[in-house]
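Asker: Give the three-dimensional model of this entry:
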Amino acid sequence: MSDSFDFLRKHNILVKKENSIFAEICKHYNMSYAHINMLDAIYDRNKITEPTILAEELLIPKQTITSMLDKLEKKGYVKRQHNENDRRKVNVMLLPEGEKLLLQVQHTIDYAERYIMNHIGKNQLEDMLNKYQKIISLLQEAVAKGVAK
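Answerer: Got it, this is the predicted structure:
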């Protein structure tokens, strides 16, 4: 096993651990991490978007998006309605209850972020994020070059 593969493997393990912590936070609110991510994606798009856009952004198959939206709609967090300009398209809207839930989860995550910042420091966290962005850029470059061969 090469050193670079070991780095990426270890990184992947850490990402999985981080995601499991976020999943535990979401469980406290009786939601899955995937559903909270979906609410967040809708919120980021000015509280309205299309299922296809959600599928692309969240890297989830379209049929899975449909079942997730069914659950969120049943709980009163989102609403689907046909697009006024093109009846074949469906818009997904974040409802006030969905926004309220999302903001509660984000408040918990903000607390965790402040806790981390108090122990590590803002400058070190910013430095880590800058390095991480550089790693992502180099990874994209390496994959593009490797795929082109």
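
Asker: N91: how many residues sit nearby?
Answerer: Residues within reach of N91, counting by other Cβ atoms under 10 Å, total 14. Every residue, glycine included, has its C-beta placed from N, CA and C.

Asker: let me fix that: R45
Answerer: R45 - counted by other Cβ under 10 Å - has 15 other residues nearby.

Asker: R87 in helix, strand or coil?
Answerer: Assigned with DSSP: H, G, I helix; E, B strand; the rest coil, R87 falls in the coil class.

Asker: And it, its phi and psi?
Answerer: When read as degrees, to the nearest 10, the backbone of R87 gives phi -60, psi -20.

Asker: For it, give me its contacts.
Answerer: For R87, the contact set (Cβ atoms under 8 Å, 6 or more residues apart in numbering) is empty.

Asker: ok, it to I136 distance?
Answerer: Between R87 and I136 the computed distance is 40 Å (Cβ to Cβ, to the nearest Å).

Asker: now do N30
Answerer: In terms of Cβ to Cβ, N30 sits 33 Å off from I136.

Asker: do the same with E99
Answerer: Taken as Cβ to Cβ, the span from E99 to I136 is 30 Å.

Asker: This structure: strands as residue ranges?
Answerer: Counting by DSSP state E, the chain has strands at residues 48-49, 78-82, 90-94.

Asker: Would you mind giving the ones you listed as TSV with mean pLDDT and distance to Q140 added?
Answerer: Formatted as TSV, the strands of the chain follow (pLDDT from 0 to 100; distance: least, Cβ to Cβ, whole Å):
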stretch	mean pLDDT	distance to Q140
strand 48-49	90	25
strand 78-82	93	32
strand 90-94	94	29
